[in-house]
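Visitor: sequence and predicted structure, then a few things I'm wondering about:
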There are 2 protein chains.
Amino acid sequence: MSKVEDAREDSRLRAADAVVAQLESRILSGKLADKQPLPSERELMEEFDISRTVVREAIATLSNRGLVESKPRFRPVVRKPDFDTIINATDTIIRNMLTDPSGVLSLYESRIFVERGLVREAATTATKEDIALLKQALEANKAAINDSLQFFRTDLEFHRIFYELGGNPIFPAIHKAYSAWLWPYWERMKRAPGRNERNYLAHKSIYDAILERDPDAAEEALQSHLARAWEDVGLTMEVSVSLDRSADKG
Amino acid sequence: MSKVEDAREDSRLRAADAVVAQLESRILSGKLADKQPLPSERELMEEFDISRTVVREAIATLSNRGLVESKPRFRPVVRKPDFDTIINATDTIIRNMLTDPSGVLSLYESRIFVERGLVREAATTATKEDIALLKQALEANKAAINDSLQFFRTDLEFHRIFYELGGNPIFPAIHKAYSAWLWPYWERMKRAPGRNERNYLAHKSIYDAILERDPDAAEEALQSHLARAWEDVGLTMEVSVSLDRSADKG
DNA sequence: TGGCCGAGTTTGGTCGAACCAAAATTTGTT
DNA sequence: AACAAATTTTGGTTCGACCAAACTCGGCCA
């Protein structure tokens, strides 16, 4: 008997949606194990007694929902959702939204907000091990001052540590998102002489404040650090903004 | 000429993906205006010189991405993405993730983190108008103590104000998300006598701290308020996960 | 024995024609 | 002008077919 029909005596719904629901529950319950390939489309169409068209639509939806990973021409692979999944699913939308400069600013503001909280947290609750991690990242950052690409990497890594501290898996995912979405704007940042040095010192002052268990100082250091960084980027953005406006009027 | 082929001399890609990209750019550029119906599937298949199968797949993807709204049997409607769109696109994933209690905890922890920052911000930078809003919400909350449903609404509203303060559109979207995702758990919260009263007092203490421009007190009040709320919910969840972070400063 | 290669099979990607039922549109009637 | 019926359009679904890329597996050669 068709398992789909049961959940679909109401013909106003899509058949694919019922299949999606079925597969979804199987994935979540573990009947379809993580990292394992989905049954072939032809198997599924037989089992659910539907056309392959519907099967494909269902799989496409699952893919967009992040429950399976599907590369073209390859068997879709089951993937239990985690917070990273959300970032991926959200990616295109965000990128679209970031075509508006004010969207970038909003995003960056939110990042500052989050990191202010994170450094406060670090200043009050960081363990010796946490601080050791920070110190290590800081020194790597210092060592890379003359290699801008490497400096950027260690910069990212230094900030990332704060997102890891609480052990809450949401925050690393957020850091990943910020990095991915704001990266393009950082790439265009001009290479002012002494910029790396300045940023390293900013990192150090944050670190020092944490060492001294001073959340206010840490927050302040972080805030001015990121505000300054925005200025570096904002200059190049303002150009494109005004360009857009003149293009609009024309 | 087929517009799809151009972006697809590499046959390893899906035809649907190219169509998605095309329509996506048209929506973002405004060539396909917001709130306007998409061309019919048969028109699209002719224009792009592809089969309807591919058209449907493309539309399904756009729908999942949140760029069009498609109810079964109705013409899909163009929808320019905003931060709310993200929440909707993310919704199913999150709900799936929340089948795991630890996921709920992570989410709730992140909410506490965010709101701690928000009330600190409010305590330092809230304008007279902001404070008036808070006072109004607080009084509405007080007036609803004996009507649990109404109390819940005013409770939500009180918290929402903090998310509105900065004027950053990301935060209201986040509040909406937290409300939607955590709602089911709150609904199951037991109706202990005096609970509304207690929560109102907690809100008041937050408000008072903001009045006195004391971010530490505001944060502390918020923290204990939400931690206590979690206990009310946690009991019914039959999961004993502790939330004590002892992050309070002496 | 072990790794490489190629024929044969499976599987995903795409097409096209067709049918149905519901929505949208037009026509007809009062 | 308003409402009801007939007609066209459109989305949802099925079936069958074809292609090319991925996968399998068994034989060849070192």
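Guide: Arrived safely, thanks for sending.

Visitor: enumerate the residues of chain A near DNA strand D.
Guide: Residues of chain A found near DNA strand D (C-beta under 7 Å from any atom of the strand) are A:13-16, A:49-54, A:57, A:73-75. In short, each C-beta sits where N, CA and C put it, glycine included.

Visitor: filter those down to just the buried residues.
Guide: Among those, those classed as buried by 16 or more other C-beta atoms under 10 Å in any protein chain shown are A:14-16, A:50, A:53-54, A:57.

Visitor: near chain B, which of the residues you listed show up?
Guide: A:14, A:16, A:53, A:57 (C-beta under 8 Å from any C-beta of the partner chain).

Visitor: give me the distance between the third one and A:Pro193.
Guide: Here the distance between A:Thr53 and A:Pro193 works out to 60 Å (C-beta to C-beta, to the nearest Å).

Visitor: for the helix or strand harbouring A:Val233, give the mean pLDDT please.
Guide: Using DSSP states H and E, A:Val233 sits within helix A:215-249. When pLDDT is averaged over helix A:215-249, the result is 72.

Visitor: any idea how far the residue most central in space within chain A is from B:Phe171?
Guide: Chain A has A:Ala177 as the residue nearest its centroid, 1.9 Å off, counting by C-alpha atoms, centre = their mean. A:Ala177 sits 16 Å away from B:Phe171, going by C-beta to C-beta.

Visitor: what of A:Val54?
Guide: In terms of C-beta to C-beta, A:Val54 sits 40 Å off from B:Phe171.

Visitor: for A:Leu138, what are its contacts?
Guide: A:158, A:200, A:203-204, A:207 (C-beta atoms under 8 Å, 6 or more residues apart in numbering or on different chains).

Visitor: please identify the helix or strand for it.
Guide: If you go by DSSP H and E, A:Leu138 is part of helix A:128-143.

Visitor: can you give the distance of that helix from its chain's centre?
Guide: Taking C-alpha atoms, centre = their mean, to the nearest Å, one finds the center of helix A:128-143 at 23 Å from the center of the full chain.

Visitor: in it, which residues are buried?
Guide: Buried residues in helix A:128-143 (16+ other C-beta under 10 Å): A:130, A:133-134, A:137-138, A:140-142.

Visitor: so which bits of the next helix or strand after it are buried?
Guide: Next helix or strand after helix A:128-143 toward the C-terminus (DSSP H and E): helix A:148-164. Residues A:151-152, A:154-156, A:158-163 are the ones in helix A:148-164 that count as buried (16+ other C-beta under 10 Å).

Visitor: can these go into TSV with extra columns for pLDDT and distance to chain B?
Guide: Below are those laid out as TSV (pLDDT from 0 to 100; distance: C-beta to the nearest C-beta, whole Å):
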residue	pLDDT	distance to chain B
A:Phe151	92	29
A:Phe152	91	25
A:Thr154	95	26
A:Asp155	95	23
A:Leu156	95	21
A:Phe158	98	20
A:His159	98	16
A:Arg160	97	17
A:Ile161	98	16
A:Phe162	98	12
A:Tyr163	98	11
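
Visitor: report the distance from stretch A:221-240 to the chain centre.
Guide: 21 Å.

Visitor: residues in contact with that stretch?
Guide: A:101, A:104, A:108, A:111-112, A:115-116, A:119, A:185-186, A:188-190, A:192, A:195, A:198-199, A:202-203, A:205-206, A:209.

Visitor: does DNA strand C sit close to stretch A:49-67?
Guide: Yes. Interface with DNA strand C: stretch A:49-67 contributes A:52-53, A:56 (C-beta under 7 Å from any atom of the strand).

Visitor: for that stretch, output the C-alpha coordinates as PDB.
Guide: This file holds the C-alpha atoms of stretch A:49-67, laid out as PDB (Å, rounded to 0.1, in the frame of the first residue of the first chain):
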ATOM      1  CA  ASP A  49       4.400   4.300  -5.400                       C
ATOM      2  CA  ILE A  50       5.100   7.700  -7.000                       C
ATOM      3  CA  SER A  51       6.700   8.900 -10.100                       C
ATOM      4  CA  ARG A  52      10.400   9.700 -10.300                       C
ATOM      5  CA  THR A  53       9.500  13.300 -10.800                       C
ATOM      6  CA  VAL A  54       8.100  13.500  -7.400                       C
ATOM      7  CA  VAL A  55      11.000  11.600  -5.900                       C
ATOM      8  CA  ARG A  56      13.400  14.100  -7.400                       C
ATOM      9  CA  GLU A  57      11.400  17.000  -6.100                       C
ATOM     10  CA  ALA A  58      11.400  15.500  -2.700                       C
ATOM     11  CA  ILE A  59      15.100  15.000  -2.800                       C
ATOM     12  CA  ALA A  60      15.700  18.500  -4.000                       C
ATOM     13  CA  THR A  61      13.700  19.800  -1.100                       C
ATOM     14  CA  LEU A  62      15.600  17.700   1.400                       C
ATOM     15  CA  SER A  63      18.800  19.000  -0.100                       C
ATOM     16  CA  ASN A  64      17.700  22.600   0.300                       C
ATOM     17  CA  ARG A  65      16.600  21.800   3.800                       C
ATOM     18  CA  GLY A  66      20.100  20.500   4.500                       C
ATOM     19  CA  LEU A  67      19.100  17.000   5.400                       C
END
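
Visitor: what element comes up after the helix or strand of chain A at the bottom of the mean pLDDT ranking heading to the C-terminus?
Guide: Lowest on mean pLDDT, DSSP states H and E among the helices and strands of chain A sits helix A:3-6, with a mean of 45. Next in sequence after helix A:3-6, counting helices and strands by DSSP H and E, comes helix A:15-29.
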